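Peer 1: need a structure here:
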Amino acid sequence: MGATPAPREIRVEIGELVLGGFRADPDRVSAAFEDELTRLVRERGVPADAPWTADVLSGLPPLPAGLSARRLGQELARAVHEGLCGRGEVTS
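Peer 2: Numbering: from 1, shown residues only. Okay, the predicted model is just below:
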């Protein structure tokens, strides 16, 4: 039996996130985003053969302006994860 390979590091850097029309606390949105993206990557993974940089993530579903910071962060993380897995719309 072979040894289990060490987990690879996945780093997602968000330079700027502009959320027009939302009144959610940016720090709470960021924390929820990080928690949800971490969960998704751990549970579902991402393709190992797709090293790229995305400049713009587009195609987000319409989100109601009254979403909580937690829910907004979760929805954004899901969209980013879909993009990382090749199922979202990502332009670079």
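
Peer 1: show me the helices in this protein, by range?
Peer 2: Assigned by DSSP state H, the chain shows helices spanning 26-44, 69-84.

Peer 1: mean pLDDT lowest for which of those?
Peer 2: Among the helices of the chain, helix 69-84 carries the lowest mean pLDDT, a mean of 88.

Peer 1: by contact count, what packs against that helix?
Peer 2: helix 26-44, strand 56-58 (3 or more CB pairs under 8 Å, 6 or more residues apart in numbering; DSSP states H and E). From N, CA and C alone the C-beta is placed, and that goes for glycine too.

Peer 1: quickly compare the helices of the chain and say which is most buried.
Peer 2: helix 69-84 (a mean of 20; mean count of other CB atoms under 10 Å).

Peer 1: dump that helix to CSV, restricted to CA.
Peer 2: The C-alpha trace of helix 69-84 is given here as CSV (Å, rounded to 0.1, in the frame of the first residue of the first chain):
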residue,chain,number,x,y,z
ALA,A,69,-23.7,38.7,5.9
ARG,A,70,-23.4,35.0,6.5
ARG,A,71,-25.7,34.0,3.6
LEU,A,72,-24.0,36.5,1.2
GLY,A,73,-20.6,35.1,2.0
GLN,A,74,-21.8,31.6,1.5
GLU,A,75,-23.4,32.3,-1.9
LEU,A,76,-20.3,34.1,-3.1
ALA,A,77,-18.1,31.1,-1.9
ARG,A,78,-20.3,28.7,-3.8
ALA,A,79,-20.0,30.8,-7.0
VAL,A,80,-16.2,30.9,-6.6
HIS,A,81,-16.0,27.1,-6.0
GLU,A,82,-18.1,26.5,-9.1
GLY,A,83,-15.7,28.6,-11.1
LEU,A,84,-12.7,26.8,-9.6
